[in-house]
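Colleague: here are the coordinates; sequence isn't available:
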């Protein structure tokens with residue numbers, strides 16, 4: 001969740017041409033939830049902390065390092081915090097306009113928000129209505145946005161993961177293990193595409209990192225392939241020339257998948273690619289939409 005802000009210069013400027021440019025930044029709260037491990041990684045850039053309501057209705061506002069708003073400060077890396085969220089937990093992201101008014105401070109608004117959300121049995125839509133009614137009539141100091149999400153867990157039978165050594169033989173092993181797992185899931189129609197995706201992602205991991213390599217397949221609403229390596233650098237999609245021997249791996253992944261992307265993790269990064277569970281007709285490329293790079 002992000003919110004942009006502008007702070008005009010306080011220096012008097014008699015002429016328009018001499019005006020100091022407005023300083024513009026954006027606050028942000030970024031969260032990644034892993035339904036296989038129940039772990040949620042969060043970082044914030046000047047944004048209010050999320051509200052977390054566990055399945056029993058207990059409310060917490062995790063103590064996340066604040067960080068500077070995006071576009072402001074010295075570009076210091078943001079510190080992330082990892083929490084375990086039980087299945088059925090409620091995660092609430094919001095802007096400060098919801099909890100801060102001209103007459104009450106932020107902490108009072110956070111307490112009211114937590115009380116309104118501490119009803120585990122209600123649907124997300126009902127909870128949004130409840131919050132709206134709770135704060136009805138107050139004079140907000142800024143824009144208001146509320147985003148609710150409830151965590152769900154994956155069955156262990158929907159996830160397969162391996163830790164592999166960093167050498168050239170790993171690429172072949174990874175292809176074979178992926179193909180075998182898809183057979184167990186009854187997804188033989190996705191074997192060829194998945195083996196190509198796995199091959200390219202693991203090859204890049206071997207080429208650009210030095211530590212162990214992680215491979216994970218997740219079968220849910222889509223088939224997700226994830227490859228972890230110890231190199232923190234974000235991958236870049238290149239357009240190789242006809243004479244180039246390398247540089248086509250991510251382009252091929254983009255063509256074979258519905259979307260792909262990368263995210264930072266402790267000790268490195270994960271590059272992932274998603275496919276629809278029903279394979280497209282032969283000769284039909286994937287959607288190739290770009291995913292998130294974080």
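Modeller: Noted; the coordinates are in hand. Remember, it's a predicted structure, so these values are computed and weren't measured experimentally.
Colleague: how much space is there between residue 153 and residue 197?
Modeller: Noted for residue 153: a distance of 25 Å to residue 197, by Cβ to Cβ, to the nearest Å. For glycine as for every other residue, the C-beta is placed from the backbone atoms N, C-alpha and C.
Colleague: Looking at the two, which has the bigger crowd around it?
Modeller: Set residue 153 next to residue 197 and count neighbours by other Cβ atoms under 10 Å: residue 197 wins out with 28 against 15.
Colleague: Next, the more buried one: secondary structure please.
Modeller: Classification of residue 197 by DSSP: H, G, I helix; E, B strand; the rest coil places it in helix.
Colleague: tell me the contacts of it?
Modeller: The contact partners of residue 197, by Cβ atoms under 8 Å, 6 or more residues apart in numbering, come to 225, 253, 256-257, 273, 275.
Colleague: List the contacts of residue 265.
Modeller: Applying Cβ under 8 Å, 6+ apart, the residues near residue 265 are 41, 228.
Colleague: 10 Å - rerun?
Modeller: 32, 34, 41, 80, 82, 214, 226, 228-230, 232, 294 (Cβ atoms under 10 Å, 6 or more residues apart in numbering).
Colleague: what's around residue 176, how many residues?
Modeller: Residue 176 is flanked by 11 other residues according to other Cβ under 10 Å.
Colleague: Check for me that it belongs to a helix.
Modeller: Yes - the assignment for residue 176 is a helix, going by three-state DSSP.
Colleague: How about the host helix or strand of residue 115, which residues are buried there?
Modeller: Residue 115 belongs to helix 106-117 when assigned by DSSP states H and E. Neighbour counts over helix 106-117 (16 or more other Cβ atoms under 10 Å) mark 109-110, 112-114, 116-117 as buried.
Colleague: among the contacts of residue 265, which one has the lowest pLDDT?
Modeller: Comparing pLDDT over these, the lowest score belongs to residue 294 (56).
Colleague: picking up where we left off before, just checking the distance from the helix holding residue 115 to the centre of its chain.
Modeller: 26 Å (Cα atoms, centre = their mean, to the nearest Å).
Colleague: Can you report the mean pLDDT over the residues of it?
Modeller: For helix 106-117, the per-residue pLDDT averages 91.
Colleague: Name the surrounding residues that touch it.
Modeller: Outside helix 106-117, the residues touching it (Cβ under 10 Å, 6+ apart) are 48-49, 51-53, 57-61, 90, 92, 94, 96-101, 104, 127-135, 138, 140-141, 146, 148.
Colleague: Separate out the buried members of those residues.
Modeller: Those of the contacts of helix 106-117 that meet the buried threshold are 48-49, 51-53, 59, 61, 90, 92, 94, 96-101, 127-128, 131, 135, 138, 140-141, 146, 148, by 16+ other Cβ under 10 Å.
Colleague: Specify which member of the contacts of residue 197 is nearest to residue 193.
Modeller: residue 256 (5.0 Å; Cβ to Cβ).
Colleague: count of residues packed around that closest one?
Modeller: Neighbourhood size, residue 256 [other Cβ under 10 Å]: 21.
Colleague: Helix, strand, or coil at the closest residue to residue 91 other than its chain neighbours?
Modeller: Distance criterion Cβ to Cβ, 6 or more residues apart in numbering; nearest residue to residue 91, sequence neighbours excluded, is residue 149 at 4.8 Å. Following three-state DSSP, residue 149 is assigned to strand.
Colleague: these two touch, right, residue 149 and residue 89?
Modeller: Yes - using Cβ atoms under 10 Å, residue 149 is in contact with residue 89, at 9.2 Å.
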